[in-house]
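> Below are the sequence and a predicted model for it; my questions follow.
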Amino acid sequence: MSDELLPPGAFLTWRYVDAHRGIDRRQVYYDDGRVEAVEGDDRWVLCRFTREQVASARAAVTGSGLTASGSDQGAATYDAAPVTYAWRLDGEEGQVTNTGYPATRHDAIDRLDAALAELEEAAGGWPLLAED
């Protein structure tokens, strides 16, 4: 896995690329609790998780079913903008892409997004969604 997608010290990231509209947006979840947003050359910290929230976020990655799911190819989707989730947990790495996003939903990604949104709000942040 490339360090650009999942940098050192991070356990989870998502990346949304809408080439048609010129959007390249990421969110990175670090082991030290930082939740960082990246859009173009801009980076900022959305919020900071406590140790307990980091543990909950890590558990949500597995609990959502993401690590056991496959990529959704969205073959017949018009004007799609893929969103990729990558993780590094307990020595294992992987990634899943929903190539038909936002028209095509991916159940594991939706479950994970919901869990992360709750954690981000509890940490004083505002959840950033891929297409926002």
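It's in.

> contacts, neighbours, all on C-alpha from now
Fine.

> Need the pLDDT of Gly100.
You'll see Gly100 listed with a pLDDT of 77.

> What distance do you get for it to Asp107?
13 Å (CA to CA, to the nearest Å).

> now do Ala81
When Ala81 is compared with Asp107 (using CA to CA), they lie 17 Å apart.

> And for Asp18?
21 Å.

> So between those two, which is more surrounded?
Asp18 (17 against 13; other CA atoms under 10 Å).

> Find me the pLDDT at that one, would you?
Predicted confidence (pLDDT) for Asp18: 86.

> I'd guessed it sits against Gly100; true?
No: between Asp18 and Gly100 there is no contact under CA atoms under 8 Å: 11.1 Å.

> Show me what the strand or helix carrying Trp44 is in contact with.
Counting by DSSP states H and E, the element that carries Trp44 is strand 42-48. Residues outside strand 42-48 that contact it (CA atoms under 8 Å, 6 or more residues apart in numbering): Gly33, Arg34, Val35, Glu36, Ala37, Val38, Glu120, Ala123, Gly124, Gly125, Trp126.

> And it, what's buried?
By 16 or more other CA atoms under 10 Å, the buried positions in strand 42-48 come out as Leu46, Cys47, Arg48.

> Then stretch 94-105?
Gln95, Val96, Thr97, Asn98, Thr99, Gly100, Tyr101, Pro102, Thr104.

> gap between stretch 25-43 and the chain center?
Chain-centre distance of stretch 25-43: 10 Å, with CA atoms, centre = their mean, to the nearest Å.

> Start and end of stretch 13-27, how far apart?
Start and end residues of stretch 13-27 are separated by 6 Å (CA to CA).

> Name the surrounding residues that touch that stretch.
With CA under 8 Å, 6+ apart, stretch 13-27 has contacts from 5-6, 28-29, 35-40, 79-87, 130-131.

> Identify the contacts common to Asp18 and Gly100.
Ala80, Ala81, Pro82.

> Would you check how far apart the closest residue to Gly124 other than its chain neighbours and Thr84 are?
The shortest distance from Gly124 to any non-neighbouring residue, by CA to CA, 6 or more residues apart in numbering, is to Cys47 (6.3 Å). Distance, Cys47 to Thr84, by CA to CA: 21 Å.
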